[in-house]
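Undergrad: model the following, please.
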Amino acid sequence: MSSLLYTLMENGVIPAISYYFSRFVSQSNQQNESSILAYTAALVSERNVAGDVCVELAQYENRPLFRTGASDVFIPKGLPLNKWIVQLQQCNWVGQPGETAPLILDGGKIYLGKYWHYEHSLAKEIISRCDSEPELDKAYLKESLNKLFPVVDSTKPDWQKLAAATALIRSFSVISGGPGTGKTTTVSKVLALLLGLEPELRVALVAPTGKAAARLSESISRAKNKLELDPDIINQIPDQAMTIHRLLRYRQGRFQHDHENKLLIDCLLVDEASMVDLPLMAKLIAAVPEHARIILLGDRDQLASVEAGKVLGDITGHNRELIYSDKHVQLLEEIGAAPINVLSTQASPPVVSDSIAILRESYRFNKNSGIGKLASAVNQSNGQVAYDYAKDSGYTDIEWVNVHSHKPEPSYLDWAIAQYKDYLQQDTIEQALASFEQHRILAAIQDGPLGVKTINQTIEARMMEQGLISLAEYYHGKPIMIVENDYETGLYNGDTGLIWQVEGEGMFACFAAEEGGIRRLPVRQLPDHVTAFAITVHKSQGSEFENVLLILPDEDTPILTKELVYTGITRAKESLVVAAEMDLFISACSRTVARSSGLAGRLGWS
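TA: This next block holds a predicted model:
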């Protein structure tokens, strides 16, 4: 007779990995698949797949453990909290904090064992680095900061100057801000000041994906060329970024650099930190020497990583008010970087708060930008105002399209043909890639009538009708996105390229190389990939496009959140079309991504 958990797996309520992990744990404890241990193990695994680092048992006390729309499937419930904890404590394979076990029970939270250790080690590393302050030449910093950040308006705080000062006076720092707030501009000045103090400083620039690394390289290169400094210092600022995986040197199933084999660097800069999941961030920080600085850049309001955790959000307190210690503010004052009238202080703020700076003014979106106003309204969970901006605002850079049917609208296809046909007419792959990267269709979901799979198929059919592409598995100009990390080819999840016919040589998959230029790969060597006229909003993180069409589903789904809508909107630089159903759009703006984790608490956020 099939167990309840097996039935749930067969009905798609829990993934197969959760069922088999549960069976493994329960059988190892000589318990059956209907025990509370089995149900708890399945729940922890299922929630981990969904992005949670741990399960807070109180949230499931006397409540159904799994979500399903199938009324004919019985869903087990959690026990009363105290009874639940006692029963788990009696299981051999449920360990206490610090132990090695498949499951770790830490107070009222239960983790997969390795995720408890990831979270604990990352928190320990961050706290240790927050307690360590580099030696400072205050006079040099004050003079240099005033030179690089001259006073423009004495009535307004200079958030970039504050962020730069924070990165300079802290061994561990985070600079968070939305698109166009000047994160890379700020950090390029930080690097210039650090190299002015220590010319031999070894700096590593990294990002989670190849595309994000390429964007970081371009941004740093542009920013440093605008600096009015000694050319020798400017030339020392590195502008070649790489992926985190490449930096840590993945070989034979593991990273070569770890807590025992540290990186040979003095400063680590991580861009798009919101995309980095808990295991990868823990491994990265553990590989950084104790003396080295760490600077994280990212937008804490964006979507969390695809895998488990919301690390940047946990570190920055999830939109809590930022409060600095009296000591930190005094130091900022001494180097002329504290906007005193707007800083809150407290004798004992969270341990990490002195290391955080938030950039609050966008230089990309001016007061006449509908995209900027729309993004701000969504970020403030004001769905009605956001809808009004998109629908009837009169802004020329945004357009609203009502979703009426369970299929791609003709207007979507017209938009796609109009935007994409230019790249197919380019003479070289370099020109084609540059042209293709100017536009993108973003969707919230993979499957369904308004998911990326259907949208891509419909676009291909329309383009074939118009003679723009041929009917073949690999046609000239086919856009593809890699969907798995492949260390042999050096292609990673999220990398985007084009299939391109090279005259006299054949068909190749072509990608922009991290070090510049083009990488060509025979199509037979490609790792798993998908067509990429349309991609999910999740996959678009770390990218920016001149023109974006954002398509939201016309049926509600938990994935429709403020963070998803905000992330989709802020991928657009020049023009944005939002295709959505009004009520679902408004409700999505009030729904936030909630991921269970203990990291924020370990860092002092209540």
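Undergrad: any low-confidence regions in the chain?
TA: Within the chain, the stretches with pLDDT under 70 are 1-2, 68-74, 339-347, 366-367, 405-409, 514-516.
Undergrad: top helix in it by residue count?
TA: helix 113-130 (DSSP state H).
Undergrad: list the helices and strands that helix packs on?
TA: With contacts taken as 3 or more C-beta pairs under 8 Å, 6 or more residues apart in numbering; DSSP states H and E, helix 113-130 sits against strand 54-56, strand 103-106, strand 172-177, helix 278-286, helix 599-602. Just so you know, the C-beta spots here come from the backbone N, C-alpha and C atoms, and that holds for glycine as well.
Undergrad: mind exporting the C-alpha coordinates of the longest one to CSV?
TA: Taking Å, rounded to 0.1, in the frame of the first residue of the first chain, the C-alpha atoms of helix 278-286 are listed here in CSV:
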residue,chain,number,x,y,z
LEU,A,278,23.2,30.9,0.9
PRO,A,279,25.5,27.9,0.0
LEU,A,280,27.4,29.9,-2.6
MET,A,281,27.8,33.0,-0.4
ALA,A,282,29.0,30.9,2.5
LYS,A,283,31.6,29.1,0.4
LEU,A,284,32.7,32.4,-1.2
ILE,A,285,33.2,34.3,2.1
ALA,A,286,34.9,31.4,3.7
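Undergrad: how far out from the middle of the chain is it?
TA: Mean-position distance between helix 278-286 and its chain equals 14 Å (C-alpha atoms, centre = their mean, to the nearest Å).
Undergrad: can you start the count at 37 instead of 1 from here on
TA: Taking 37 as the first residue, the last one we looked at is helix 314-322.
Undergrad: list the helices and strands it packs on?
TA: helix 149-166, helix 280-284.
Undergrad: ok, then the element right after the longest one?
TA: Later in the chain than helix 149-166, the nearest helix or strand by DSSP states H and E is helix 174-184.
Undergrad: buried ones in that next one, by neighbour count?
TA: The neighbour-count check on helix 174-184 (16 or more other C-beta atoms under 10 Å) flags Leu177, Ser180, Leu181, Leu184 as buried.
Undergrad: return the distance of the third one relative to Gly487.
TA: Applying C-beta to C-beta, to the nearest Å, one obtains 49 Å for the distance of Leu181 from Gly487.
Undergrad: re the thing from before, tabulate the helices and strands packed on helix 314-322 (JSON lines), appending mean neighbour count.
TA: Output for the helices and strands packed on helix 314-322, formatted as JSON lines (neighbours: other C-beta atoms under 10 Å):
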{"stretch": "helix 149-166", "mean neighbour count": "20"}
{"stretch": "helix 280-284", "mean neighbour count": "21"}
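Undergrad: now distance to His565 too, for these, in a markdown table please.
TA: As requested, the helices and strands packed on helix 314-322 are exported to a markdown table (distance: least, C-beta to C-beta, whole Å):
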| stretch | distance to His565 |
| --- | --- |
| helix 149-166 | 29 |
| helix 280-284 | 18 |
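Undergrad: quick one: list the elements packing against the longest strand seen in the chain.
TA: Assignment by DSSP state E gives strand 608-616 as the longest strand of the chain. Counting contacts by 3+ C-beta pairs under 8 Å, 6+ apart, strand 608-616 packs against helix 406-415, strand 434-438, helix 446-460, strand 581-587.
Undergrad: list the buried residues in it.
TA: Residues of strand 608-616 classed as buried: Ala608, Lys609, Ser611, Leu612, Val613, Val614, Ala615, Ala616 (neighbour count, 16+ other C-beta under 10 Å).
Undergrad: got it, and stretch 498-517?
TA: Across stretch 498-517, burial judged by 16+ other C-beta under 10 Å covers Arg498, Met499, Leu504, Ile505, Tyr510, Tyr511, Gly513, Lys514, Pro515, Ile516, Met517.
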